[in-house]
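> Predicted structure and sequence below. I'll ask about it afterward.
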Amino acid sequence: SIVATCHRYNATGVSNDTVSACKAKGGCNNDWVLSLDLINADPNGTKGLTLEQVTETFESFYQGTAEKAGLCDLESLIPRKELLEDLYKKCDGKMAVVTGRPRKDCNKFLELHGIMHLFKACVCMEDGPWKPDPFPVAEACRLLGVEPSQQVIMVGDTPDDIRSAHAAGCRGVGVATPEDVKAQEAAGNEFDAGKLSQAVKGCGDDQNVVVVLRPGFEDLLDMF
């Protein structure tokens, strides 16, 4: 939706690689704001747009219209539902979603895939400061009734996810995106050799070593 929105406003130099590079740098947790920034940065992008205009266009692509289905309908559940159920049991039901998307989008996705019951709390765009601020992860801990610690794991695919976890006093675990893994393995590289995965790893230090899991994070169960 970011790329489609940018192209609608003549920022044709924006690609999926551009978006990934921005997310690897961090500070890009709001797709509406990122779309506007990329349009303004592109030499051919339409200038003088408001965030409201860009948001409306983004949502028309993402949510769809009466004439065309939205890109949100193409989103799949990457981890197996059975894995999420196993994690739910291991966590005594204390699992939360932390997302930069609006609550309506979060609820729609959880309901579509039949996993709403697995998440006791959801911290969304409207609730407070966005990642990499510690607020979303800290708020998830508060809603779950757990103290932030290295036993609390936040799984994410961007540096902002990991930085938010660390700032809140929790453990950040990275996960590679399917698209990135496909590209890296096709080039004969390790699955986590891409810029985004490497940026996620780069958020670690001697006290907080960040590992990156394959899409679906099957190995996450072994961390509990």
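Arrived safely.

> Counting by contacts, list what the helix or strand of the chain with the lowest mean pLDDT packs against.
Ranking every helix and strand in the chain by mean pLDDT, DSSP states H and E puts helix 16-25 at the bottom, with a mean of 90. On a contact count with 3 or more Cβ pairs under 8 Å, 6 or more residues apart in numbering; DSSP states H and E, helix 16-25 meets helix 2-8, helix 31-41, helix 159-167, helix 195-201. Placement of C-beta: from N, CA and C, glycine included.

> helices and strands around the third one, which ones?
If you count contacts as 3+ Cβ pairs under 8 Å, 6+ apart, helix 159-167 packs onto helix 16-25, helix 135-144, strand 153-156, strand 171-175, helix 195-201.

> winner for burial among the ones you listed?
Across the helices and strands packed on helix 159-167, the average number of neighbours (mean count of other Cβ atoms under 10 Å) peaks for strand 171-175, which reaches a mean of 23.

> what angle separates that strand from helix 159-167?
Between strand 171-175 and helix 159-167, the angle comes out at 160 degrees (axes from the mean of the first three to the mean of the last three Cα atoms, to 10 degrees).

> mind checking how far the helix or strand following strand 171-175 is from the chain centre?
Counting by DSSP states H and E, the next helix or strand C-terminal to strand 171-175 is helix 178-186. A distance of 17 Å separates the centroid of the chain from that of helix 178-186, by Cα atoms, centre = their mean, to the nearest Å.

> same deal with stretch 73-81?
Mean-position distance between stretch 73-81 and its chain equals 13 Å (Cα atoms, centre = their mean).

> What residues sit buried inside it?
Residues of stretch 73-81 classed as buried by neighbour count (16 or more other Cβ atoms under 10 Å): Pro79.

> quick one on the thing from earlier: mind putting the helices and strands packed on helix 16-25 in TSV, distance to Gln150 included?
Below are the helices and strands packed on helix 16-25 laid out as TSV (distance: least, Cβ to Cβ, whole Å):
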stretch	distance to Gln150
helix 2-8	33
helix 31-41	30
helix 159-167	10
helix 195-201	17
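
> between those, which one is nearest to Met95?
Among the helices and strands packed on helix 16-25, helix 159-167 comes nearest to Met95, with 14.4 Å by Cβ to Cβ.

> picking that back up, ok and the least confident helix or strand of the chain relative to helix 178-186, angle-wise?
100 degrees.

> what about Val97, is that helix, strand or coil?
Assigned with DSSP: H, G, I helix; E, B strand; the rest coil, Val97 falls in the strand class.

> what's the neighbour count on it?
21 (other Cβ atoms under 10 Å).

> cool, and the one 10 residues further on?
Other residues within reach of Asn107 by the criterion other Cβ under 10 Å amount to 14.
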